[in-house]
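A.B. asks: coordinates for the following, if possible.
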Amino acid sequence: MDFNTESRKENVYVSKPGAYKFDIENYVVSEDVPNHRGCPFVRFYCITPSGEKASVKFFRTRETDSDRAKEVKKERIAKFIRNSGGKLSNNMKDVFDSVVGRSVYMFMTEREYVAKDSNNNNKPVVRTTIDYLFSSNKEITRVKPDMAKQSLNARDQQYFDTLYSQWSQTNKDDKIQMVKDAFDAVEDFPTESNDNELPF
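C.D. replies: The predicted structure is shown next:
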């Protein structure tokens, strides 16, 4: 067996927005992640009939959430479970276990997010990823055209603009210093004894 080929096959991910049918292979909860300190979550690992993979992450509730936030989080997960043919109960593990091996239809969108380019002094950039938008218990045939791409919302755009402004100012100062250092180096460079013969 060509293990390299098998590895490549296992790492083919959904790369375009659109409607897909997925089988749910497994899931992980934040409690399973060593040293996780952020918002609790559940992530479902899915695969299409053609072998393309995707993961769907839902943030779960925490004590500091508002009542509205808790309601929204619970409903998003519950809808996914129902559309997958799972069973809702008071036991979290039983609920998530109930969808493993089942199928669900999902619409995947191209979502913009703010990142930093580690190869360019951590310059703030806007990148895209293929991300879960919604699920259905039947084939998705009609969607709004604007669902295929999710641009930065107003808050994220403001966050990006702030980061970029700060980065630009910092790097501007660094470039000024680099130019100054370059001129200083030229002035300190030893010259030949016949400088007076130069035409400038």
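A.B. asks: ok, now which ones touch the closest residue to Lys123 other than its chain neighbours?
C.D. replies: Excluding the flanking residues, the one nearest Lys123 by C-beta to C-beta, 6 or more residues apart in numbering is Asp117, at 4.6 Å. Bear in mind the C-beta positions are built from the backbone N, C-alpha and C, glycine included. Under the criterion of C-beta atoms under 8 Å, 6 or more residues apart in numbering, the neighbours of Asp117 are 123-125.
A.B. asks: look up how far Asn171 lies from Asp117.
C.D. replies: Using C-beta to C-beta, to the nearest Å, one gets 12 Å for the distance from Asp117 to Asn171.
A.B. asks: going by residue numbers, what spans are strands in this structure?
C.D. replies: Remark: strands assigned in the chain by DSSP state E are 18-29, 41-47, 53-59, 103-117, 123-136, 149-150.
A.B. asks: most packed of the ones you listed?
C.D. replies: When the strands of the chain are scored by mean count of other C-beta atoms under 10 Å, the highest mean neighbour count falls to strand 41-47 (a mean of 19).
A.B. asks: name the strands paired with that one and say parallel or antiparallel.
C.D. replies: strand 18-29 (antiparallel), strand 53-59 (antiparallel) (DSSP bridges).
A.B. asks: nearest to Lys149 among these would be which one?
C.D. replies: Minimum separation from Lys149 across the strands paired with strand 41-47 (C-beta to C-beta) falls at strand 18-29, 11.5 Å.
A.B. asks: next, format the strands paired with strand 41-47 as TSV and append distance to Ser84.
C.D. replies: Below are the strands paired with strand 41-47 laid out as TSV (distance: least, C-beta to C-beta, whole Å):
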stretch	distance to Ser84
strand 18-29	6
strand 53-59	10
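A.B. asks: give me every residue that touches Lys138.
C.D. replies: Lys138 neighbours (C-beta under 8 Å, 6+ apart): Tyr105.
A.B. asks: check Cys46 too.
C.D. replies: Neighbouring residues of Cys46 by C-beta under 8 Å, 6+ apart: 22-25, 53-56, 104, 106.
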